[in-house]
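Enquirer: Here you go, sequence then predicted model.
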Amino acid sequence: MFLNNFLKKLFYIFFPLICGSLVGIIIAKFMDYETLVKPFLSPPGFIFPIVWSIIYLLLGISYFLIPNKKNINKIYYISLFINLLWSIFFFVLKWRLFTCIWTILLLISVVYLLINFYKENKVSFYLNIPYLLWLIFATYLTFGVYLLN
């Protein structure tokens, strides 16, 4: 029983990070970030895996802290799925305009997720403020790359 609960906790915490890492492996050979014309304030490429690892870990912790996951399961997993597909659309398929639209969908899904986190557990909400801020910045970068390339 203890081992089962412990593994469940680990799953909740690390699932987003594992998924993000798998997507990172998938897109690695298609990565063209360094060759793109980027908008003002674009960070160097090595920043993204660091930031996303922190965000995915915070997302997993915040989900773990939700006492009644039934109320939030759908939006949590849908939002994570939308997030993970972004990189594939942007780097593998090179659908830059589509990815601009997808980024807006991702932003909306995360705002909805955070509203639900707030209702269930305030700490979960606050842990994801960096995620929301990063997505706003990523929206700027996505549109900037589309317009400049």
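Expert: Received it, and whenever you're ready, just let me know what you need. Numbers count the residues shown, from 1 in each chain.

Enquirer: Now do the residue lying closest to L57 once chain neighbours are set aside against N116, distance only.
Expert: The shortest distance from L57 to any residue other than its chain neighbours is 5.4 Å, reached at L17 (CB to CB, 6 or more residues apart in numbering). The way it works is simple: take the backbone N, C-alpha and C, and place the C-beta from them, glycine included. Using CB to CB, to the nearest Å, we find L17 at a distance of 21 Å from N116.

Enquirer: now for the helix or strand harbouring W52, which elements pack on it?
Expert: Applying DSSP states H and E as the criterion places W52 in helix 47-65. Counting contacts by 3 or more CB pairs under 8 Å, 6 or more residues apart in numbering; DSSP states H and E, helix 47-65 packs against helix 2-27, helix 122-127, helix 129-148.

Enquirer: hmm, who's touching the last one?
Expert: In other words, helix 129-148. Under the criterion CB atoms under 8 Å, 6 or more residues apart in numbering, residues 36-42, 51, 54-55, 58-59, 90, 96-97, 99-100, 103-104, 106-107, 110-111, 114 lie in contact with helix 129-148.

Enquirer: Which of those fall in helices?
Expert: When the contacts of helix 129-148 are checked against helices (DSSP state H), the matches are 51, 54-55, 58-59, 96-97, 99-100, 103-104, 106-107, 110-111, 114.

Enquirer: Please name the residues that touch P16.
Expert: In this structure, P16 makes contact with Y56, L57, L59, G60, Y63, L80, judged by CB under 8 Å, 6+ apart.

Enquirer: same check, this time on D32
Expert: With contact taken as CB under 8 Å, 6+ apart, D32 is in contact with F91, K94.
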